[in-house]
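1. got a predicted structure plus its sequence, pasted below:
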Amino acid sequence: MDALIPFTTSGSLVDLVDKKVLVILRDGRKLLGLFRSYDQFANFLLESTVERLHYKLEYADRDLGVLLIRGENVVALGEIDLIAEDMVPLREIGLKEIEEKIAEDTRRRDRDFVIKGKVLGAMGFDREGREGDAY
């Protein structure tokens, strides 16, 4: 029956039903959940979903529950190997703690971006733009 489902259509998602998956969205968020259903547009339903926040070798999960994800917002989708998942060298920390670390890192990068823009502007270069979608 697999030969009847072209790989280039949403039919290729049939093997993921009832499996734990990792989804990376266009805005950079990483979601983990159980892949329950999909339609012809590759929109799909995730159950028991968490958003995983990473900072270096630390992570925290934010519970989101059941999500309906529009297919056009997905950059990558893949099944998680449940055995290999336990061997990943990441350390779980509290959600508030990782949010603070990420916010501090973002503030530092924004500050560095402003300084870099001033230095390059003084040298006659145009500043880099940050707007737009990377995909």
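-> Arrived safely, thanks for sending. Residues are numbered from 1 along each chain as shown.
2. what's the spacing between the most centrally placed residue in the chain and Arg111?
-> Taking Cα atoms, centre = their mean, the centroid of the chain lies closest to Lys30, which sits 2.4 Å from it. For Lys30, the distance to Arg111 equals 26 Å [Cβ to Cβ, to the nearest Å]. (Each C-beta comes from the backbone N, C-alpha and C, glycine too.)
3. what's the answer for Leu32, then?
-> Taking Cβ to Cβ, one finds Leu32 at 32 Å from Arg111.
4. who's more crowded, those two?
-> Using other Cβ atoms under 10 Å as the criterion, Leu32 and Arg111 rank with Leu32 on top: 18 against 10.
5. does the more buried one sit in a helix, a strand or a coil?
-> strand (DSSP: H, G, I helix; E, B strand; the rest coil).
6. so what pLDDT did it get?
-> If you check Leu32, the pLDDT there is 95.
7. ok, Val75 - how many residues close by?
-> 12.
8. ok, and the closest non-adjacent residue to it?
-> Ile24 (4.7 Å; Cβ to Cβ, 6 or more residues apart in numbering).
9. who are the contact partners of that neighbour?
-> Ile24 is in contact with Lys30, Leu31, Val74, Val75, Ala76, Leu77, counting by Cβ atoms under 8 Å, 6 or more residues apart in numbering.
10. how close does it sit to Leu31?
-> Distance from Ile24 to Leu31, by Cβ to Cβ: 8 Å.
11. returning to what we had before: what about the residue nearest to the centre of the chain, distance to Ala60?
-> 12 Å.
12. between those two, which contacts overlap?
-> Common neighbours of Lys30 and Ala60 (Cβ under 8 Å, 6+ apart) are Arg52.
13. next one: the host helix or strand of Ser48 to chain centre, how far?
-> Taking DSSP states H and E as the definition, one finds Ser48 inside strand 44-55. Its chain's average C-alpha position is 8 Å from that of strand 44-55, according to Cα atoms, centre = their mean, to the nearest Å.
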